[in-house]
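Provided below for reference: sequence and predicted model.
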Amino acid sequence: MDLQFFGTIETAQGLAHAMLCIDGDRPSEYMLQWGYDGNAPPSPGRGIRAESVWEAGVLKLKPAWIFRTNPSGGLYPTNWKELTAEEQQGFRELRAELRGTPTGGLEGRWTGPNGATGAITFNLPPHANRVTARLCRSWGGFRDWAAEMQSEGAVWFRGHGSRSFGLQTSLHRLGRTRLERYCLDELIRFNAHAEAVLGRRFNLLDTNDYSTIMALAQHHGLATPLLDWTASPYIAAFFAFADAVEKSKVPSEIYAC
């Protein structure tokens, strides 16, 4: 089962915001990422891919890879030669033990070299509120709804082929939450294929090239961590109908949400 937790970690640089992700097909690997907001001492985002084991209700984590941020803001795995002597010692000695909380989260402590330690607290993300769909029995009714929404300040619309769909990316629907794994695996392979077909190179350290590859992946049906949005309710309606027709479920009614 895929899981994603959000919380905080006590570090030597201050309290860090943190995220813990587990993919459904790799339950023994956890990805832990953390970073600081503008009120804390400046520090780049960091990440650790950890091996995990449950023992007597305790989740035990030890590092398998250390990640740093590249110039475009993404995480990349470091090799042993890139680590300082202090980081190498931390890699060998860093451990974390977490227990489940009554609310479904995790809490515990990490320990490191020279007696360093800090608290870790994670909570499950809150459940997204379901959108109440309004039934439009005609195209005129849909136009009235669209005009009303725009007059109330709505600026983004998403077309769905079914009102039962949630606001979840195609990657998350596969039981995936670890973005670093996606970017270092599927996206790299897709980039190689795109370069071969298009006859051009993409520099994934360049934000413009990176955005182009992500857009191409989304457009051609590769599962991505992106959601499509539009400023036009009519464009959203087009894709909602196209999606429904493609699935051979031609709608007899229009749902606006």
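On my side now, so go ahead. Computed from a prediction, not measured in an experiment: that's the story for all the values here.

Could you use CA atoms for every contact and neighbour count after this?
Noted.

so where's the stretch 101-250 of the chain uncertain?
128-131, 163, 245-250 (pLDDT under 70).

Please report the distance of the nearest residue to Thr69 once chain neighbours are set aside from Arg46.
Excluding the flanking residues, the one nearest Thr69 by C-alpha to C-alpha, 6 or more residues apart in numbering is Leu75, at 4.5 Å. Using C-alpha to C-alpha, to the nearest Å, one obtains 7 Å as the distance from Leu75 to Arg46.

So for the two, which residues contact both of them?
When contacts are counted by C-alpha atoms under 8 Å, 6 or more residues apart in numbering, Leu75 and Arg46 are jointly contacted by 67-69.

Emit the ChimeraX select command for whichever of the residues you listed are buried.
Of those, the buried ones go into a single ChimeraX selection, burial set by 16 or more other C-alpha atoms under 10 Å:
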select :67,68
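
Which single one of the shared contacts of Leu75 and Arg46 is nearest to Asp228?
Nearest to Asp228 among the shared contacts of Leu75 and Arg46, counting by C-alpha to C-alpha, is Thr69 at 26.3 Å.

Touching, that closest one and Gly35? I think so.
No - using C-alpha atoms under 8 Å, Thr69 is not in contact with Gly35; the gap is 10.4 Å.

buried ones in stretch 55-62?
Residues of stretch 55-62 classed as buried by neighbour count (16+ other C-alpha under 10 Å): 58-62.

likewise stretch 155-171?
Buried-residue list, stretch 155-171, by 16+ other C-alpha under 10 Å: 157-161, 163, 170-171.

now, among these, which is nearest to Gly14?
Taking C-alpha to C-alpha as the measure, Gly14 lies nearest Leu171 of these, at 32.6 Å.

Strand partners (parallel or antiparallel) of the helix or strand that contains Gly7?
Using DSSP states H and E, Gly7 maps to strand 3-11. When pairs are called by DSSP bridges, strand 3-11 turns out to pair with strand 14-22 (antiparallel), strand 117-123 (antiparallel).

contact partners of the first one?
Going back to what we said before, that points to strand 14-22. Outside strand 14-22, the residues within contact range by C-alpha under 8 Å, 6+ apart are 1-10, 29-37, 40-41, 122, 176-178.

run the last query once more with 6 Å
The contact list for strand 14-22, computed with C-alpha atoms under 6 Å, 6 or more residues apart in numbering, reads 2-9, 30-36, 177-178.

Please check the residues you listed and keep the buried ones.
By 16+ other C-alpha under 10 Å, the contacts of strand 14-22 give 2-9, 30-36, 177-178 as buried.

Need the residues that contact stretch 65-79.
Contact partners of stretch 65-79, identified using C-alpha under 6 Å, 6+ apart, comprise 46-49, 205, 207.

Between those, which sits nearest Leu222?
Using C-alpha to C-alpha, the contacts of stretch 65-79 come closest to Leu222 at Thr207, 19.6 Å.

Just the buried residues of stretch 155-171: which are in helices?
170-171 (DSSP state H).

Could you check how far stretch 158-174 is from the centre of its chain?
Distance of stretch 158-174 from its chain centroid, counting by C-alpha atoms, centre = their mean, to the nearest Å, is 15 Å.

next one: stretch 58-74
Worked out by C-alpha atoms, centre = their mean, stretch 58-74 lies 15 Å from the chain centre.

For that stretch, give the mean pLDDT please.
Mean pLDDT, stretch 58-74: 85.

Which helix or strand contains Leu135?
In this assignment (DSSP H and E), Leu135 forms part of strand 134-136.
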